[in-house]
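Visitor: My questions are about this predicted structure, shown below with the sequence.
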Amino acid sequence: MEPIDHPVSRYAIGVVEGDIVAGDLVRMACERHLMDLETGADRGLYFDCQAASRIIRWARMLQHTTGPMAGMPLKLEPWQEFRHGSVFGWKRSETGLRRFQSTYHQVGKKNGKTTDTAVPMLFTQLFDGEAAPQGYCAATTKNQAGLLFKEMKRMIKRSPILKEFMDVSRTSIETPESDGLIACLSRDGDSSDGINPSFLARDEMHRWTDRELADTIVESMIARAQPIDWVITTAGQSRDYVGAGALLDPEPITSQPGLDVRIHQLRLSAVLPKVEDLVKGYDTRFAPVEMHRALFHPQTRQLVAEPHRIFKGMIDQITFPREAPGGSPACVISVASETRILTRSLASKKSDESHKARGGDRFRRNAVASGTVQVFWGEKKLE
C-alpha cells in the first residue's frame, strides 16, 4: 500500500478538501501529514504504513467494557485512526524510531478518550520492542488516574489472548514476557521517584494546576529510545453556546498577535426590553468578553467541531440606539482587545511616594491624612 492510500492519508485528504469538518488544529495536522508525504524524505522522515495499520488492527482485538456496547469489538473512528496512525506510523529514516514522542488530545466529554488511550498503552507493553516497558496512568488524583487503569483491567479480563500475557492485580498490571508494568501515579498519592516510563498517559490536563508532577514524570522518560507522552483532556466543563439575537453586518474579526489595541463594534438585532433593562442595570465596562468561531449542523443546529476562540478582551461600551420612535432597540457592543489593560494608568503614580521619588512638588503629601470633605449643592465652601 502506498502511504497516500492509507486510511490515515485518506482522512487527511478529506479534511483538507473540506469533505470532513474539523477544527483548525486538526486541519493543520492533516496539512502537515500530506506535506510530509511529499517532502518528509528530504528531512529524514518516512511514513510506515505497516506500523500505522498494526495499531489500528490491534484496537479491533480489544472490546468495549461498559455501556450498551460492552462485549463488542473496539473499532476506531476515522479521526482516531488518523491520530493513532500518525503517532505510530511516522518514523525517522536514520534510526527507524518513531518521529513523535509527545501528543495532545482534546475532545468533548463522552467521546471515549479513556478507552481510546488504553489501545496504545497496552500495545506498547507487548509489541514496542522496549526492554521492561513501564506505562503509567497519571492524574492529579488517585481516583482520576484509576479510571484508565480500571478500564485496561476490564479489557484484559475480557480478552482470552491478553489474559495469557498479562497478569492483573489490585495495584498493577504486569507483562512477564517483557518484564512490563502498568501502574497509577497521582499528585495526592504514589511517589513518582525512580520511575522509568516508556508510555505516559496524563489524564485531564486542564486540572494540572502546577508543573511539579508533570516535569518529574516527563523528565524521567529521557532514558527511553522512543517514549510516548500521551496527554488527554476535555478542557474543563462544556461551554453552552446560546444565541440572543442575530449579528448584523459583522466586520472581519481575525486572531492576530501583537500588542496593538483592537476595537470592534458588534451590532445585534432587536433585543427584548427585559434584556435591555438587565444590561443597563449593571456597569458592563471592562467586563470580560470572548468571541468564538463555531460550526453548526444546518439541520440539527448542533456543534460539529470544537469552537475556536478568535478574540479575547473587554467590553468598552454597550448602547441601544432606536431606529425610529417607539421602535425596538438594537444593541451595539463596542469591545476592546485584552491589550487595552496595558494602556490603563496606574493609580500609584499619583501618590506622594511616587512624586517624592521623581523629585516632584510633593503636592499630595497630605492627601492620605486629609481625606475627602462632602460638599452639598448650594452650600458655601469654606475659605
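Guide: Here it is on my side, so go on.

Visitor: all strands for the stretch 251-383 of the chain, in order.
Guide: Ranges of strands in the stretch 251-383 of the chain, per DSSP state E, counting those that start in this stretch, are 263-268, 288-293, 308-319, 331-337.

Visitor: Turn these into a markdown table, including mean neighbour count and distance to residue 163.
Guide: Quick note: C-beta positions are derived from backbone N, CA and C, even for glycine. A markdown table is the format used below for the strands of the stretch 251-383 of the chain (neighbours: other C-beta atoms under 10 Å; distance: least, C-beta to C-beta, whole Å):
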| stretch | mean neighbour count | distance to residue 163 |
| --- | --- | --- |
| strand 263-268 | 16 | 60 |
| strand 288-293 | 14 | 47 |
| strand 308-319 | 16 | 44 |
| strand 331-337 | 18 | 58 |
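
Visitor: Out of these, which is closest to residue 126?
Guide: Nearest to residue 126 among the strands of the stretch 251-383 of the chain is strand 308-319 (38.0 Å), distances taken as C-beta to C-beta.

Visitor: Make JSON lines from the strands of the stretch 251-383 of the chain and add distance to residue 202 to it.
Guide: Formatted as JSON lines, these follow (distance: least, C-beta to C-beta, whole Å):
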{"stretch": "strand 263-268", "distance to residue 202": "37"}
{"stretch": "strand 288-293", "distance to residue 202": "26"}
{"stretch": "strand 308-319", "distance to residue 202": "23"}
{"stretch": "strand 331-337", "distance to residue 202": "32"}
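
Visitor: I'd like to know which of the ones you listed lies nearest to residue 116.
Guide: strand 308-319 (22.3 Å).

Visitor: what packs against that closest one?
Guide: strand 288-293, strand 331-337 (3 or more C-beta pairs under 8 Å, 6 or more residues apart in numbering; DSSP states H and E).

Visitor: For residue 257, find the nearest of the strands of the stretch 251-383 of the chain.
Guide: strand 331-337 (11.1 Å).

Visitor: Per-residue pLDDT of residue 300, please?
Guide: Reported pLDDT at residue 300 in the predicted model: 69.

Visitor: which intervals of the stretch 151-300 of the chain have sub-threshold pLDDT?
Guide: By pLDDT under 70, the low-scoring segments of the stretch 151-300 of the chain are 188-192, 209-211, 235-250, 254-256, 270, 300.

Visitor: if we can go back for a sec, looking at the helices and strands packed on strand 308-319, which is closest to residue 122?
Guide: Closest approach to residue 122 among the helices and strands packed on strand 308-319 is made by strand 288-293 (36.5 Å; C-beta to C-beta).

Visitor: From what I see, residue 175 and residue 131 are in contact.
Guide: No: using C-beta atoms under 8 Å, residue 175 is not in contact with residue 131, being 11.8 Å away.

Visitor: Give me the more crowded residue out of those two.
Guide: Legend: neighbour count by other C-beta atoms under 10 Å for residue 175 and residue 131, higher for residue 175 (19 against 11).

Visitor: So what does the more buried one look like in phi/psi?
Guide: phi -120, psi 90 (degrees, to the nearest 10).

Visitor: Please apply the same query to residue 194.
Guide: Main-chain torsions, residue 194, degrees, to the nearest 10: phi 80, psi 10.

Visitor: Show me the one of the helices and strands packed on strand 308-319 that comes nearest residue 45.
Guide: The nearest among the helices and strands packed on strand 308-319, by C-beta to C-beta, is strand 288-293 at 32.0 Å.

Visitor: what's the angle from that closest one to strand 263-268?
Guide: 70 degrees (axes from the mean of the first three to the mean of the last three C-alpha atoms, to 10 degrees).

Visitor: so what strands line up beside strand 288-293?
Guide: For strand 288-293, the paired strands and their directions (DSSP bridges) are strand 308-319 (antiparallel).

Visitor: Is it possible to get TSV of the helices and strands packed on strand 308-319 that adds distance to residue 264?
Guide: Below are the helices and strands packed on strand 308-319 laid out as TSV (distance: least, C-beta to C-beta, whole Å):
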stretch	distance to residue 264
strand 288-293	8
strand 331-337	5
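
Visitor: Quick one: closest of those to residue 68.
Guide: Between the helices and strands packed on strand 308-319, strand 288-293 lies closest to residue 68; by C-beta to C-beta that is 32.8 Å.

Visitor: burial count for the residue nearest to residue 280 when sequence neighbours are not counted?
Guide: Among residues not flanking residue 280 along the chain, residue 320 sits closest, at 7.8 Å (C-beta to C-beta, 6 or more residues apart in numbering). Neighbour count for residue 320, taken as other C-beta under 10 Å: 17.

Visitor: right, and residue 320 touches residue 284 too?
Guide: No: in terms of C-beta under 8 Å, residue 320 does not count as a neighbour of residue 284; the distance is 12.0 Å.

Visitor: Compare the strands of the stretch 251-383 of the chain and report which one is nearest to residue 156.
Guide: strand 308-319 (38.6 Å).
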